[in-house]
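here is a sequence together with a model predicted from it:
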Amino acid sequence: MIEEVTKEVVVRRPPPAAARAPRPAPSPSSNVLPVRKSEEVYEALAALGRRAATRAVHRGWRWIQDAGAVTAERPGRTRFRRIGPGTRLAFPQGTVFGEPWIELGDHCVVAEQVTLTAGLVPGLDLGPEPYVVIGDGVVLGRGSHVIADTAVTIGRDTYCGPYVYITTTNHSYDDPHTAVGKQWPRIAPVVIGPGCWLGTGAVVLPGAVLGRNVVVAAGSVVRGDVPDHAVVAGAPARIVRRYDEQEGWQPPLRTPAPPVPFQRDGADSADSTDSTDPAVAEEGSGSGSVSADG
């Protein structure tokens, strides 16, 4: 006899929704916190990357500036008639041509983007004599120009602020029926004496002759002769102050001479314009600005 065994299968069903314990609602900040932390980490890493890139660019640019500077030991592609010891042309240079007719003295500072040209156009044979003679210790500020289609002489220890323009050539406009740029220019030599100071944006026109320790105010346009120990200002520049051996500066100076923190051995105080001439503004050579009032 076969016995049939019936197994009772018990199916357990979940309790109704009303009987279940409610689940806690997710906190609004539980999902936001991980996102915020990820954003903060990303921003921190990005800032570190930017700082590292900036340092790398600056370090690389300093290396390029040093490698591209022109000195007597490293003339590069230039072929100057002479570069004195200690003279340095900062990189990047401006337009430079006619180097075989350009002489640079000892310990000169030629800042970035300075243009030095001899001759109207490159490739000319200008003869045996130099066209540009720059004395020892001359400073040419950033963006300055020395344009020599005939002789330019700059005396020792002359300082030029940024964007000074010295030229031997000026456009002529004699023929009213011909474009000014197509007329043959007027050309005359320029002489700048030792110990001068030319402020930012000063222009020295063809034929100008500046004496010893002349101060040219910023933005002035100089032509003709300027005597020793004179301060000129304006366009065209005029003498606003002169030094007389008997009466001193006339008109009298309104500010006292600044104290000299040190004095070089054997230095001639008469040769130093910066330490005795209050026509130079407080910014000094750093800004290239000059006060004609003293």
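The structure has been received and is ready for your questions. Numbering: from 1, shown residues only.

and the one helix or strand residue 37 maps to, what does it pack against?
Assigned by DSSP states H and E, residue 37 falls within helix 28-68. The helices and strands touching helix 28-68, judged by 3 or more Cβ pairs under 8 Å, 6 or more residues apart in numbering; DSSP states H and E, number zero. No exception for glycine: its C-beta is placed from N, CA and C like everyone else's.

elements contacting the helix or strand just after that helix?
As assigned by DSSP H and E, the chain's next helix or strand after helix 28-68 is strand 82-83. Judged by 3+ Cβ pairs under 8 Å, 6+ apart, the packing partners of strand 82-83 are strand 102-104.

each with direction, which strands does the strand it packs on pair with?
Strand pairing for strand 102-104, using DSSP bridges, gives strand 82-83 (parallel), strand 132-134 (parallel).

for residue 96, give me phi and psi.
With angles defined as degrees, to the nearest 10, residue 96 sits at phi -130, psi 120.

which pLDDT value does the model give it?
Residue 96 is assigned a predicted lDDT (pLDDT) of 96.

from residue 87, how far off is the residue lying closest to residue 83 once chain neighbours are set aside?
In this structure, residue 83 finds its nearest non-sequential neighbour in residue 72, 4.3 Å apart by Cβ to Cβ, 6 or more residues apart in numbering. To residue 87, residue 72 is 7 Å away according to Cβ to Cβ, to the nearest Å.

quick one: which of the two has more around it?
residue 87 (22 against 15; other Cβ atoms under 10 Å).

show me the contacts for that one.
If you count contacts by Cβ atoms under 8 Å, 6 or more residues apart in numbering, residue 87 has them with 71, 72, 104, 105, 106, 107, 108, 109, 110.

didn't the fourth one look like it was pressed against residue 134?
Put plainly, it is residue 105. Yes - at 5.6 Å, residue 105 counts as touching residue 134 under the criterion of Cβ atoms under 8 Å.

burial count for residue 109?
Neighbours of residue 109 (other Cβ under 10 Å): 17.

that one and residue 87: what is the separation?
8 Å.
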